[in-house]
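# build me a model from this:
(chains A, B, C and D)
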Amino acid sequence: MNPANYLYLAALLFTIGAAGVLIRRNAIVVFMCVELMLNACNLAFVTFSRLHGNLDGQVIAFFTMVVAAAEVVVGLAIIVSIYRTRHSASVDDANLMKL
Amino acid sequence: MSFPLLTATAALPAVGAIATAAVPAARRVAAKYTALAFSLGTLVLAIIAMVRFDPGGARYQLTESHTWVKNFGLHYDLGVDGIAVVMVALTALLIPFVMLAGWHDADPLEGPDPNRRWRPTQGFFALILLVEAMVVLSFEATDVFLFYIFFEAMLIPMYFLIGGFGDRAHPGGEEEAARQRSYAAVKFLLYNLVGGLIMLAAIIGLYAATARQLGTGTFSLQQILDARASGQFKLGTDTERWLFLGFFFAFAVKAPLWPLHTWLPNAMGEATSPVAVLITAVVDKVGTFAMLRFCLQLFPEASKWATPVILVLALISIIYGALLAVGQRDIKRLIAYASVSHFGFIILGIFAMTSQGESGATLYMVNHGISTAALMLVAGFLITRRGSRIIADFGGVQKVAPVLAGTFMIGGLATLSLPGLAPFVSEFLVLVGTFSRYPVLGIIATLGIVLAALYVLVLYQRTMTGPVKAGIEGMADLKVREVVVVAPLIALLLFLGVYPKPVADIVNPSVKHTLSDVHKTDPKPALEAKK
Amino acid sequence: MSAALHTGPAVHSMWTSAASTTDRFPTPHIEYAQLSPVLIVFGVAMVGVLAEAFVPRRSRYTAQVVLAIVGLAAAFAAVVALAEKGYGTTKAHIAAMGAVAVDGPALFLQGTILLVALVAVFTFAERRLDPMAHGQHVDSFAAQGSAVPGGDQEKAAVRAGFTTTEVFPLLLFAVGGMLIFPAANDLLTLFVALEVFSLPLYILCALARRNRLMSQEAAVKYFLLGAFSSAFLLFGIALLYGYAGSVSYSGISSVIDGTAKITPALADTTGNDALLLIGIAMVTVGLLFKVGAVPFHMWTPDVYQGAPTPVTGFMAAATKVAAFGALLRLLYVVLPGMRWDWRPVMWGVAIATMIAGAVIAVTQTDVKRLLAYSSVAHAGFILAGVIATDKDGVSSVLFYLAAYSFVTLGAFAVVTLVRDAGGEATHLSRWAGLGRRSPLVAAVFAVFLLAFAGIPLTSGFAGKFAVFKAAAQGGAMPLVIVGVISSAIAAFFYIRVIVLMFFSEPKADGPSVAVPSPLTSTAIAVGVAVTLVLGLAPQYFLDLADKAGVFVR
Amino acid sequence: METLIGLLVAAPLLGAGVLLTGGRRFDRTGHLLGTLFALLSFVFGMVLFVNMLGKNADDRALHSHLFTWVPVEGFQAQVGFQLDQLSMTFVLLITGVGTLIHIYSIGYMEHDERRRRFFGYLNLFLAAMLLLVLADNYLLLYAGWEGVGLASYLLIGFWQHKPSAATAAKKAFLVNRVGDMGLSIGIMLMFTTFGSFAFSNVLPRAAQAAGTQHATITGIGFMLLLAACGKSAQVPLQSWLGDAMEGPTPVSALIHAATMVTAGVYLIVRSGAIFNAAPDAQTAVVTVGAVTLLFGAIVGCAKDDIKKALAGSTMSQIGYMIMAAGLGPIGYVFAIMHLVTHGFFKAGLFLGAGSVMHGMNDEVDMRRYGGLRKFMPITFVTFGLGYLAIIGFPGLSGFFSKDKIIEAAYAKGGTEGWILGSAALLGAAITAFYMTRVMLMTFFGEKRWVPDAEGHEPHPHESPKSMTVPMIILAFGSVFAGGLFSINSSFVKWLEPVTGHSEGNSPVSTGTVTAATMVCLVIGVGIAWLMYGRRSVPAVAPRGSLVTRAARRDLLQDDFNHVVLVRGGEHLTRSLVYLDHSLVDGVVNGSAASVGGLSGRLRRLQNGYVRSYAVSMLGGTAVVVAATLLMRAV
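Now for the predicted structure:
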């Protein structure tokens, strides 16, 4: 299979993720979209790793997963605490500070 | 190493500022005397510097040179030529009078002050000393960047002086006074800061140019001029013009030149009279001085290139300032516009590029400093007594306070350049110097002397003559402290009006140097002078 | 994508053969001594975590503060020792298998970050400002981060005298990440370091004692946008990796320069400039986000406003230092060969940042937001220095960062002092007449504002002059002029605050200035001292920055 | 002797200094001190005069260099004096008449609480006026020139509590400033032409310069004329003189009749060499003189205020002098001669008027006088002699000097000569008319006195000795000076070495001129007698013809000034004040406001929604990516 296709897929996933961040209101979903973007990156890394024939990309993908996991921990903590305060996870409700 | 006299002249007031600020809150009077003592000490040093200056000697004397920030090409280079030493002396001379005149300006209002730690009196005098130190340094600096630093830094204490200690006599009441005052202070600062920042761009440009051509960037005037003389350094025509404009803009704001003048009436109107004197007689002089020192020396070709426009602007300043002075309702704003007119003369003289013009402009700076100080300080005494600065609130003061009226008149006569008083000499020199190169401009500028008579006499007539107005009846005449302020200034005006030679002799050689910088010679008379 | 990737069998054979020659992992070789600053900080952070678990509640605060201070001081000492040994200059090299550079800029910035963090610890530890709660001194942080604001759980926590002493380890973790960030010598390290310092900051943002809603909102905004930006960064990294087949800086730059050994795969991917260009753009965007450059700045005001003020101060100062360090290294080490591509773009970003930051700040009414926009404008000025692309550019940016970070830290520390019943009084109108009530505090704040405004004799001026000078020498005179104009606009709002403090009559119900403990006083004093010293006698530090201004490759 | 010249100026200057700064301790003795200093100056003058008489006619000039005033490259202004016959004449006139008027003022100002200050100002005036006539260069002359202007300003406005006095003073100074502008431009022209402005450098080379620099020399001439117009109240700068009568009467006598106003004549005669080389300028001078002599005379006819009538007369008489001076070497001597005789009789007339006012509760309206000759015999006689002198009654001073001028005017030759001569003759007739009118209305006819504003009935009485003695002395001068000067052409010989002199070629014989003058005189006196002597004088002025009404308003010249200059100026300044605020300041404020507006708009982008921030980031990334790619494409 042509490696370019994996890259196309990665780009597509990335775009979907980015679009999701812009469109979705629920903080959790927004965050999931970010995760999607990270995974798109992972796909790209692995593809390139294969392409270049070195392992760097694959290692990086592992790192990314770890980082993403850490992000989940922190992110969920924050989102949950704000949810408990406001009873809403909508990012549009977090609008105290502006201008 | 010899005693660093020039540093001392600047350091003394700076130390004085700290000492004054450190005086405890309750000891207001002690703070005042501390400040006064330091300012007098500075005056002594300035006089020593003037005496030690040898007009026939090197161009820059009493020089000190140290590298300050190598990476910026910044040197702590001090030195005075005839013009600078005179300006330093003027500054040192005026400060004690400014302090004496403002002796009670920063006293806290009656009643226990809820803000115990607020020490306005200490602050006022310390700030004045700080301004003095910075002004002196900017006159003494022979490093462009060093000059710039103090040129810019002095805005801050000035700003606090204007905004923090404004004139309590405001037609619109306390609240309005505070509003106007901070508006004036901000306007002062912003105008000058914008000017300064544009100059900063030019300064950086100059550094880039020197760095490119000399290997290391430098701001030392001496190094730059030497390099130029030896052909190592030459600014391209366009670069020189841009840099000139950057510098000139800053100086024109400070001076101020039409149409950049509008901050001055606000600032002088809202500040207390002594501070107004500080602005117009001392701080603004740095602008015109810098035109002479930096614009002409660093960018001679560009200066010549820009001359026509600058002369026209100066001319507009003269006429426009005078006309606006005529139209003012407020004594201090009137004096401010009169100053705009006078600064027009100074700039006219500088850019006429003749011996008479340059010498005249330099003397003008000195004389205008003294005469405006006299006029403005007396106006301040007047305003404090009446609690108003609107001309229409006065009338018949002459009847109740003849000495005050008399000193006011002399200040006014100096402002309108009556022969026998110092400003006449300089104004005539400027006119002659301008006329000999640009007859038409000279003639138009002469109109300024008619208009000067108009605004001074109208002011005098409305305030001092006629029947005694309500609110004037019990007005006290000048007190001893006030006489001590005004009398020496008047004496000086008379002395320099009759015998300006001591000052002129110091200034002349420097003027010659400056003219040779711009490669200009005086126009020859149509017929050779008879031997 | 590259047309070269579509070439059928040839590619396939390359594909398989490449797979067969995969490297083995070499045994790691770590220069512990040279990484000691980072290791110390992380080690102490770990100890801090353990302390949370084992030290009794009442002595935790003391233990954590001492730990943090000792740890940071030790790390700083290590940095100094390294610099003394010449690792900043002659012995500069790349450590940890090419992951981390030990060179001048890295050490300089690490030193700066450590000092900033040390001072920040003082402000974190301040417990005299807030009124006592149930007989206990409290700091700026929530009693219990997880508790619902105003809920029973929180009340109970306050009554029990809980404090979030975890902030100190969090701070240390963040500092550790920041130490690595500007030293990172491959893109993976860069990314990991970014996350390591970002994640603790997200949490710190959420921990304000007062205005918890705003604090949480700040955290969520910062977190989502931060994660969003790191996705861009990561994708950029992926593309660069795809282009060069390596994530190490030297590897990428040698590919760009054409000095690398060309494998068939490389020949293929390097034929595709789009990979490189888009990769550069996205990595840069990731860093510009952290820097707070327009149009990636929009998180700054909200986060600065919502976060606990000590955190804001630390974040504003240290993040900027770290992020600019990383940006510098990226642009100077990886992409110098590409400068004709990135410079015009950076020009645009710098101009937009300077002007937008200054202009928007003009109408701000909250001190913290004002300072946030001011930090945006300053990011623009620093970018002007970054663009210079020469040694002067590096050293001027280093100097600017050092100068700026202490001014910022000091300014935010002053903000913590001005309080009323609702906590910090950050609305500007509340600051009216402060100069009359507390001349000293107002004067100190005025000094910081003047430094921000770049008035001569303050560090702000020296820094601004240095970067503008570098920019001008680098041929970016127009940038200098834009910079000067936006400085003038910026001056307006700094002055407005000064006017407010000194020339307005104090309001009767105006805020009072809390008397801080020696901790905050020290922090502010250090800020003032650095501001004045760098303003009056910057030569030593300029030399230092100059010596440190060379990247190892 | 040279030092004495300096002392001449220094004495009154010292007096002024002492009196003005000495404070109240001199209140008692101030007037005496002031008079003493004036007298001292006169004595110095006399000593110098005697000394000068003892010398050869061509060798009489004294020079005294004191110090360098303004030492600037190429511009070396000196303080130096030059005492020649011309200056000497003025010195004697100034110090002589000056001393008399000081003495007069002792009585006149007796009840004024600010008498000390008055004497201080008078002394200041003497010093400045002496400086003016003794200066050996134009710049120093200019200093004196402005100095007398200042003294005049201070003295006109001496009664500052009267708004009219303050306004008049200001007006005088301002109008004079316009003239001064001329003088300063003249000096600048000299400087650029000759490289100097010393008499010794400029004047001898004027003729030579006329060859190559004709236009410049003419320009200098015009500028000097402008200066003279201002100081000597010549058309078009005459308007201040009438108002200047607001000052105390001794001031009017000394400054606005005898000395200061004649400074313009001095300037023109002193600069004779320049005018000789610039015929166009000369034409302008005679035109101004002729116009003013008629203008002043007409105005003098219409005024009911005794001092203003005399002021009109002064204007007119100086018009004679200026005209004479414009005639060139034929006229210089006679201009000065008329100046001196005029100094005597006009000062006498003013002092007489002052004496009348002194006796009449400071009433100045002649319609409220009448029949005063019985109450003030000395005043009547001295005033009468002055009157006869001014109308040119044969044998008295004015007869000699005025006749010479009329002759000289005819001697100018050609149409010009005829016009000038006839104008002068007509002026003589009108002079006779208005002076007879003054005489009749004041001293003859029935009493028309009314109580003053406070209801005090006037009790006319003769003035004290200190006032009458100076009047008598001046009357002697009015009677004999002209004759004395004419015997053996002594005055012509005295001045000739300085001014040069040439007898013109008059187309009309001396006899004819004298006869014509006599006829004019008789006509003038006759008409006046018909109008004011035979008929009783109405206490309220009749409406009068258009011309009369115009003349009362100074021939509308003041109204013109008011409308064009004052009103126009007010509008100009007001609109400039507005412009300064709205335009010059407005541009700056406007740009500040637009930054603020932009700020407000940009600020709205920061709407608080995370997602819109993300949009901005994504958009930014897109732009950055696109720009990076584009850079490569370009």
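# where does the stretch 501-634 of chain D have low pLDDT?
Within the stretch 501-634 of chain D, the ranges that satisfy pLDDT under 70 run D:634.
# point me to the residue of it nearest chain B.
D:Thr573 (3.4 Å; Cβ to the nearest Cβ). Every residue, glycine included, has its C-beta placed from N, CA and C.
# burial of that residue, as a residue count?
Counted by other Cβ atoms under 10 Å in any protein chain shown, the residues lying close to D:Thr573 total 20.
# which non-adjacent residue is nearest D:Val588?
B:Thr262 (6.6 Å; Cβ to Cβ, 6 or more residues apart in numbering or on different chains).
# still on that earlier bit, and the residue of the stretch 501-634 of chain D closest to chain B, what helix or strand is that in?
Using DSSP states H and E, D:Thr573 falls within helix D:568-579.
# identify the residue nearest the residue of the stretch 501-634 of chain D closest to chain B in space, chain neighbours excluded?
Ranked by Cβ to Cβ, 6+ apart and with sequence neighbours excluded, the top spatial neighbour of D:Thr573 is B:Gly327, at 3.4 Å.
# same question for A:Asn95.
D:Gly608 (4.2 Å).
# hang on, the one you found in a helix?
No: for D:Gly608, which was evaluated using DSSP: H, G, I helix; E, B strand; the rest coil, the result is coil, with no helix membership.
# for chain D, what's the longest strand?
strand D:62-72 (DSSP state E).
# that one near chain B at all?
Yes: counting by Cβ under 8 Å from any Cβ of the partner chain, chain B is contacted by strand D:62-72 at D:Phe67, D:Thr68, D:Trp69, D:Val70, D:Pro71, D:Val72.
# any idea how far C:Gly380 lies from C:Arg339?
The spacing between C:Gly380 and C:Arg339, counted by Cβ to Cβ, to the nearest Å, is 19 Å.
# next up, the contacts around D:Phe399.
By Cβ atoms under 8 Å, 6 or more residues apart in numbering or on different chains, the residues touching D:Phe399 are D:Ala389, D:Gly392, D:Phe393, D:Gly482.
# what's the pLDDT at the residue nearest to D:Met366 when sequence neighbours are not counted?
Nearest residue to D:Met366 in three dimensions, chain neighbours excluded: D:Met441, at 4.1 Å (Cβ to Cβ, 6+ apart). The score at D:Met441 is 88. That number is its pLDDT.
# and D:Met441, how many residues sit next to it?
D:Met441 is flanked by 24 other residues according to other Cβ under 10 Å.
# buried residues, the helix or strand hosting it. List them.
Using DSSP H and E, D:Met441 sits within helix D:414-443. For helix D:414-443, a neighbour-count test (16 or more other Cβ atoms under 10 Å in any protein chain shown) marks D:417, D:420-421, D:423-443 as buried.
# tell me what that helix is packed against?
helix D:279-302, helix D:306-326, helix D:377-391, helix D:397-411, helix D:510-528 (3 or more Cβ pairs under 8 Å, 6 or more residues apart in numbering or on different chains; DSSP states H and E).
# please identify the most buried of the ones you listed.
Greatest average neighbour count among the helices and strands packed on helix D:414-443 goes to helix D:306-326 (a mean of 29), per mean count of other Cβ atoms under 10 Å in any protein chain shown.
# list the buried ones in the helix holding D:Thr573?
In helix D:568-579, counting by 16+ other Cβ under 10 Å, buried: D:Thr573, D:Leu576, D:Val577.
# and the average pLDDT for the longest helix seen in chain D is what?
Counting by DSSP state H, the longest helix found in chain D is helix D:163-194. Mean per-residue pLDDT for helix D:163-194: 90.
# if you count contacts, what does it end up packed against?
Looks like helix D:163-194 contacts helix B:422-437, helix B:439-464, helix D:138-156, helix D:199-212, helix D:214-231, helix D:239-243 (3+ Cβ pairs under 8 Å, 6+ apart).
# the longest helix seen in chain B vs chain C: in contact?
Looking across chain B with DSSP H, the single longest helix is helix B:173-214. Yes: for helix B:173-214, a contact with chain C is found by Cβ under 8 Å from any Cβ, at B:178, B:181-182, B:185-186, B:189-190, B:193-194, B:197-198, B:200-201, B:204-205, B:207-208, B:211-212.
# of those, select the buried ones using a PyMOL command.
Selection of the buried residues among these in PyMOL, burial being defined by 16+ other Cβ under 10 Å:
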select buried, chain B and resi 178+181+182+185+186+189+190+193+194+197+198+200+201+204+205+207+208+211
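# who's in contact with the residue of the stretch 501-634 of chain D closest to chain B?
Neighbours of D:Thr573 in contact, by Cβ under 8 Å, 6+ apart: B:Leu323, B:Leu324, B:Val326, B:Gly327.
# ditto for C:Pro26
Here C:Pro26 is in contact with C:Met97 (Cβ under 8 Å, 6+ apart).
# just the endpoints, please. Distance across stretch C:179-190?
The straight-line separation of the ends of stretch C:179-190 (Cα to Cα, to the nearest Å) is 11 Å.
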